[in-house]
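J.: Sequence first, then the predicted structure, then my questions.
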Amino acid sequence: MSLNLHNQLDEKTKELILKMEEELESKDTEIKSKDQEIAALKNELSYLKNQILNKNRKMFGSSSEQTNSMQVSFFDEAENHSNLKTEEPTVEEITYKRTKTSQSIGKKDNLANLEKVVVEHKLDESEQSCKDCSNDLVVIGTKSKEVLKYIPAKLYVEEHITYSYACKTCEENNDQANIVTTKAPSTLLHKSMASNELLSHVINLKYQHAMPLYRQETYFKMMGANLSRQTLSNWIISTANELEPIYKLMKEELLKRNYIQADETVLKVLDDKGKESKKQKYMWLYKSPDKDSPIVIYDYQKTRSGSCPKGFLSGFSGSLQTDGYAGYNKVENIKRIYCLAHIRRKFHDIIV
């Protein structure tokens, strides 16, 4: 026969036991809350420590993003388990031509696209006889030596003289001469003496080879032509104005694409006094990822505001690939996709 001890207790004892149970339950709840708070603080402390480590690594450590191969083995599983000696099952024999990589290109491969001029060094007819018996000498072999030659560039003035012709017979009979005039070749800048070839060279030196105009001034002076920076600047600006319709057409074609890549970078410019501007200016880049003929357009702006890409990409509807800069969120009617290189850095930071 079991005893029900609870029923044998008086009311005061029951109340005391109930109160103690409630206090114990409250203590357990408080302890669980404290444990959760401690765990959260530990996680936050670990996160902040890793943030500091990442900051220190970026400031003082190597900029390489290489990591221990064991940490990212799920990314290179194929490379880890490949074996080039293993024979593949063959269904049919496939023949192909392999293009050498840049590391294996030799001297002849590097010069393959150059024009070759063959110079043969033969004996004069008077020397093609034996000194001992006077019989004719016979060619028994040849040797070849390749020499890379350089022809210095030069400037020259090309004067175009046009002629006008008239029919004297028509002039005598009809009192009106039939006049025909020849035409000189057209140039991009009609009122300038700069040829199209020279304009291309100046622009290519400045923007492709990063040669400032003051160095170009010296460069052309060494070739015998005194061309001031002001003249070269005028040529570049005038050429840009003439090419503006092409720029607009390229932009129009770019906005028809369904996928555009964009980025922006700080640009150093000079102020009105010729000194480096203290305010940061920006060059925005927009590119279509076409494999064969991509459209690449630069857009200079004085600010990094999101209004810049919003205005430039007005009318575009498709996917826009950028980094994580929030300014691109202002572009309307687009789907944002992010740069895989930037995303990779976040995984690298976590691993480190």
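T.: The structure has been received and is ready for your questions. Numbers count the residues shown, from 1 in each chain.

J.: May I have the phi/psi pair for D299?
T.: Dihedral angles of D299 (phi, psi; degrees, to the nearest 10) stand at phi -130, psi 110.

J.: Do I have it right that it meets C308?
T.: Yes. Counting by Cβ atoms under 8 Å, D299 touches C308, with 7.2 Å between them. C-beta coordinates here come from the backbone N, C-alpha and C atoms, glycine included.

J.: the more surrounded of those two?
T.: For D299 and C308, the more surrounded residue by other Cβ atoms under 10 Å is C308, and the numbers stand at 22 against 18.

J.: Can you classify that one as helix, strand or coil?
T.: Under DSSP: H, G, I helix; E, B strand; the rest coil, the three-state class of C308 is helix.

J.: was I right about it contacting Y282?
T.: Yes. If you go by Cβ under 8 Å, C308 and Y282 touch, sitting 7.4 Å apart.

J.: intersection of neighbour lists for the two?
T.: E264, Q301 (Cβ atoms under 8 Å, 6 or more residues apart in numbering).

J.: on that earlier part again, any shared contact partners between D299 and C308?
T.: W284.

J.: buried sites along the longest strand along the chain?
T.: When the chain is parsed with DSSP state E, its longest strand is strand 259-267. The neighbour-count check on strand 259-267 (16 or more other Cβ atoms under 10 Å) flags I260, Q261, A262, E264 as buried.

J.: check contacts around the last one.
T.: The reference is to E264. Counting by Cβ under 8 Å, 6+ apart, E264 has contacts Y282, M283, W284, L285, R304, C308, Y325.

J.: Tell me the secondary structure at the third one.
T.: Secondary structure state of W284, per three-state DSSP, is strand.

J.: Tell me if I'm right that it and V296 touch.
T.: No. In this structure, W284 is not within contact of V296 by Cβ under 8 Å, at 11.7 Å.

J.: if you count what's nearby, which of the two comes out ahead?
T.: Each of W284 and V296 has its neighbours counted (other Cβ under 10 Å); W284 has more, 19 against 11.

J.: need the contact list for the more buried one.
T.: A262, D263, E264, Y298, D299, Y300, Q301, C308, P309, F312.

J.: Any figure for the gap between Y150 and K42?
T.: Between Y150 and K42 the distance is 69 Å, computed by Cβ to Cβ, to the nearest Å.

J.: Can you show me the strands along the stretch 51-200 of the chain?
T.: 164-166, 179-181 (DSSP state E, counting those that start in this stretch).

J.: strands paired with the last one, and their directions?
T.: According to DSSP bridges, strand 179-181 forms sheet pairs with strand 164-166 (antiparallel).

J.: So which residues make contact with the partner strand?
T.: When contacts are defined by Cβ under 8 Å, 6+ apart, strand 164-166 is touched by residues A177, N178, I179, V180, T181, T182.

J.: do that again at 6 Å, thanks
T.: A177, I179, V180, T181 (Cβ atoms under 6 Å, 6 or more residues apart in numbering).

J.: Arrange the strands of the stretch 51-200 of the chain in JSON lines, one row each, with mean neighbour count, mean pLDDT and distance to S46 as further columns.
T.: What follows is the strands of the stretch 51-200 of the chain, written out as JSON lines (neighbours: other Cβ atoms under 10 Å; pLDDT from 0 to 100; distance: least, Cβ to Cβ, whole Å):
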{"stretch": "strand 164-166", "mean neighbour count": "11", "mean pLDDT": "91", "distance to S46": "89"}
{"stretch": "strand 179-181", "mean neighbour count": "10", "mean pLDDT": "90", "distance to S46": "86"}
